[in-house]
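S.K.: Could you look at this predicted model? Sequence included:
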Amino acid sequence: MIRLRTNVLLLAILAVFLAGCAGGTATPAPTVPATTTPLPTEPMATLPVLEPTPTVPAASVEGELRLVIASQGNQARFSVREQLVNLTLPNDAVGTTTAVSGAIVILPDGQLAPESSRFVVDLTTLHTDSSRRDGYVQRNTLETGTFPEAVFVPSAATGLPSPLPTSGVVAFQLTGDLTVHGVTRPVTWDVTAQVDGLTLTGTATTSITFTDFGMTLPRVGPVLSVEDLITLGFDFTLTLE
């Protein structure tokens with residue numbers, strides 16, 4: 001009897017123990033959401049805006065540069081020292097004309113293109129302060145009825161900057177062939193010009209003689225003598241075509 005009671009007591013203890021184990025299931029710890037801290041970022045660097053550097057017109061960079069005689073601002077002239085009967089000192093006879101046409105072509109390497117470069121002066125339009133002198137020079141010296149034009153074909157520009165700047169003063173020598181009175185001879189012009197964007201303005205000068213070009217020195221009216229030397233000048237305005 002005592003043994004039976006002992007067994008029942010053991011079974012009761014075991015049941016309580018098992019029940020306690022079943023009710024004591026561990027609860028999982030709450031999961032803490034991970035927090036993501038953004039990495040510090042450097043502000044994007046701002047590149048400086050570069051201003052364009054003044055340079056030659058696009059035409060002179062990509063190909064040839066063609067400068068043509070503008071519609072205004074051009075005058076060709078000659079000057080000859082003469083001695084008049086009624087004057088004790090020599091006098092300069094000056095003839096001018098605005099009838100000038102032509103162009104000069106500069107290649108990308110700074111050389112000239114002679115086949116595309118030339119300047120033409122209509123000698124029939126030359127005039128001085130004396131119509132009598134003008135008529136004589138036209139008929140007997142220049143003989144414009146046969147040789148109405150003077151033509152200059154440039155072949156080299158020594159000292160001309162390449163590429164041509166867009167502003168400032170440039171000085172150079174322009175060499176080429178001058179044809180007057182049917183005679184062609186090499187001449188060199190001293191040129192000074194002001195560059196302003198697409199415009200080139202300046203003056204070119206050179207000297208020739210009547211004798212070199214087969215012309216007779218003028219002898220008319222009150223003129224006692226005329227020097228053989230002729231000073232030629234050209235005030236020009238060229239624009240980029």
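M.R.: Perfect, I can see it now. Residues are numbered from 1 along each chain as shown.
S.K.: I'd like the distance from residue 154 to residue 186, if you could.
M.R.: 11 Å (Cβ to Cβ, to the nearest Å). C-beta coordinates here come from the backbone N, C-alpha and C atoms, glycine included.
S.K.: For the two, indicate the residue with more neighbours.
M.R.: residue 154 (24 against 9; other Cβ atoms under 10 Å).
S.K.: secondary structure element for the more buried one?
M.R.: strand 149-158 (DSSP states H and E).
S.K.: for the helix or strand just after that strand, packing partners?
M.R.: Heading C-terminal from strand 149-158, the first helix or strand you meet, by DSSP H and E, is strand 167-180. Judged by 3 or more Cβ pairs under 8 Å, 6 or more residues apart in numbering; DSSP states H and E, the packing partners of strand 167-180 are strand 149-158, strand 183-196, strand 199-209.
S.K.: In CSV: those strands, plus mean pLDDT and distance to residue 125.
M.R.: Listed next are the helices and strands packed on strand 167-180 as CSV, based on pLDDT from 0 to 100; distance: least, Cβ to Cβ, whole Å:
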stretch, mean pLDDT, distance to residue 125
strand 149-158, 97, 11
strand 183-196, 98, 21
strand 199-209, 97, 19
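S.K.: closest to residue 240 out of those strands?
M.R.: Comparison of the helices and strands packed on strand 167-180 against residue 240 by Cβ to Cβ identifies strand 199-209 as nearest, at 7.7 Å.
S.K.: What's the first helix or strand after that closest one?
M.R.: Following strand 199-209 in sequence, per DSSP H and E, is strand 223-240.
S.K.: mind listing what's buried in that next one?
M.R.: For strand 223-240, a neighbour-count test (16 or more other Cβ atoms under 10 Å) marks 223, 226, 230-240 as buried.
S.K.: next one: stretch 93-109
M.R.: Buried residues in stretch 93-109 (16+ other Cβ under 10 Å): 93, 95, 97, 100, 102-106.
S.K.: same check, this time on stretch 150-158
M.R.: 150, 152-154, 157.
S.K.: how close does residue 117 sit to residue 164?
M.R.: 15 Å.
S.K.: before we move on, what about residue 106?
M.R.: Taking Cβ to Cβ, one finds residue 106 at 7 Å from residue 164.
S.K.: Residue 187 too?
M.R.: Where residue 164 is concerned, residue 187 sits at a distance of 23 Å (Cβ to Cβ).
S.K.: Could you do residue 65 as well?
M.R.: Residue 65 is 6 Å from residue 164, by Cβ to Cβ.
S.K.: before we move on, what about residue 205?
M.R.: Distance from residue 205 to residue 164, by Cβ to Cβ: 21 Å.
S.K.: Would you mind telling me which of the two has more residues around it?
M.R.: With neighbours defined as other Cβ under 10 Å, residue 205 and residue 164 compare such that residue 164 has more, 19 against 15.
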